[in-house]
Structure formats: C-alpha cells, structure tokens
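In: Any chance you could fold what I've pasted below:
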Amino acid sequence: MLSLWMVEISKVEINIPALTSRQHAAKSLFMLCREHCKSVEMLLAKGEGRQLSSALALLRPALDALLRGCWVAKCMDDQSFEPYLKEETASWPGKKDLFCKLKPVLSPRMWRVLSEHSGLMNGDYHDFTHGGAQQILRYMRPDPSTRGAATREELKFVVSKVLSYDIYAAEFLCELVGDQDALNAVHLTSLRLDLKSAFANAL
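Out: So this is what the prediction gives:
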C-alpha cells in the first residue's frame, strides 16, 4: 500500500506560487518530510533487500520536519522568522515548546494525532535513530535466520507512520500555497485507496 500511495500521490500536481522566505522554508520542511517518507518506501521495497533498521531511523527526522514545517507555516510571520534563516541568531523550539505553540493553530483532531506521535520521539524514535537497544536487539535474536529481518508487526508499524506523515505533509503543503484543487486531490486519493483500512493492514 505504501508504494501504491507514493505512485498515486505523485500524480497530484501542486502549483507553487511566488513565496516569501518563511513560506519557502515551510515548503522545504514539508518536502523534506516527504523525501524521508519516499526513502522509507524505497528501503522497504519487497525482496531480500529490505532495510528495516534504516527505515526505522528515518521516522524521527520525518516527524521533526513535519512539525517544524507546521510551526513555520502556522505560528510565524515573515518578519519574526527572518532570524531563523541565520543559525547563529535564533534557536528552534524544543519539542515541548513546539507543541505549546502548535496547539492553538491546529485543529483539535490534528493536534491530538501529532501529539500522540510526538510521544515516540524521545522513546522508540530516539532509539531507532541513534542505534539504541531496540535496534541492537533486532540483530541478537536467537534464530539466526530472523536476525535483522523485518517482522510483519514491524512493517505495519513503520508503514502506518510513514503513510500518516506523507499525507499530512502533502495536505499542509497544499494549504501553505493555497492550492485547493491539489488539496482536494490529496483527500480523494486517500479515500480512493481506502487508507483508513491501510493503516490497519499497513502492507
């Protein structure tokens, strides 16, 4: 399903008008999130070459880019964002501060969903990205034939997360540039592929 989504969503053309520096930065972050999601899809291509550990390691940077893109797009104005283009003059908010700033500007449902995902950032996602115990133990399974191999549950976990992040990033990008036709196409593609069921099956 992840590969099918990537194929179908690539057919949606998003018209990008002239943007301010802030809008361009938000667009770049949403595109970065989607690039990470596409990379996960490539890493999980069926066959003996599935690289689940590397795919898991991309979940945190994908979510980081999505959340930062939301913050830049929805919480900042052009003038207040300028210092963030110069790394030495401004620091980006931490996760806790980021969510405090996002809560008033996201729909209650979207804030709830993203905050639930953010709970993984200092737990599972931190482990996956930095080679923690979970990544190590995947290669220490008693059965040598399963060491490092992707289980069905692991695949369902990573695919469901990546589908979510790619959909949200596509939606936020359409909203940022004001392309309602593209946003409708993203929604219709999601409905046509029955992604609600895909989140449950995830394969």
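
In: So Gly178 versus Gln79, what's the distance?
Out: Look at Gly178 and Gln79: by CB to CB, to the nearest Å, they are 20 Å apart. For glycine as for every other residue, the C-beta is placed from the backbone atoms N, C-alpha and C.

In: ok, now Gly132?
Out: Following CB to CB, the distance that separates Gly132 from Gln79 is 40 Å.

In: do the same with Val105
Out: Separation of Val105 from Gln79 (CB to CB) stands at 18 Å.

In: Check His117 too.
Out: Separation of His117 from Gln79 (CB to CB) stands at 31 Å.

In: Please apply the same query to Tyr168.
Out: The value you get for Tyr168 to Gln79, if CB to CB is used, is 27 Å.

In: what's around Asp127, how many residues?
Out: One way to gauge burial is a neighbour count; for Asp127, by other CB atoms under 10 Å, it gives 19.

In: count of neighbours near the closest residue to it other than its chain neighbours?
Out: In space, and not counting its chain neighbours, Asp127 is closest to Gln134: 4.6 Å by CB to CB, 6 or more residues apart in numbering. When neighbours are defined as other CB under 10 Å, Gln134 has 15 of them.

In: Name the helix or strand for Gln134, please.
Out: Here Gln134 sits within helix 133-138, counting by DSSP states H and E.

In: Could you list every helix and strand in contact with that helix?
Out: Using 3 or more CB pairs under 8 Å, 6 or more residues apart in numbering; DSSP states H and E as the contact definition, the elements that helix 133-138 packs against are helix 52-57, helix 124-130.
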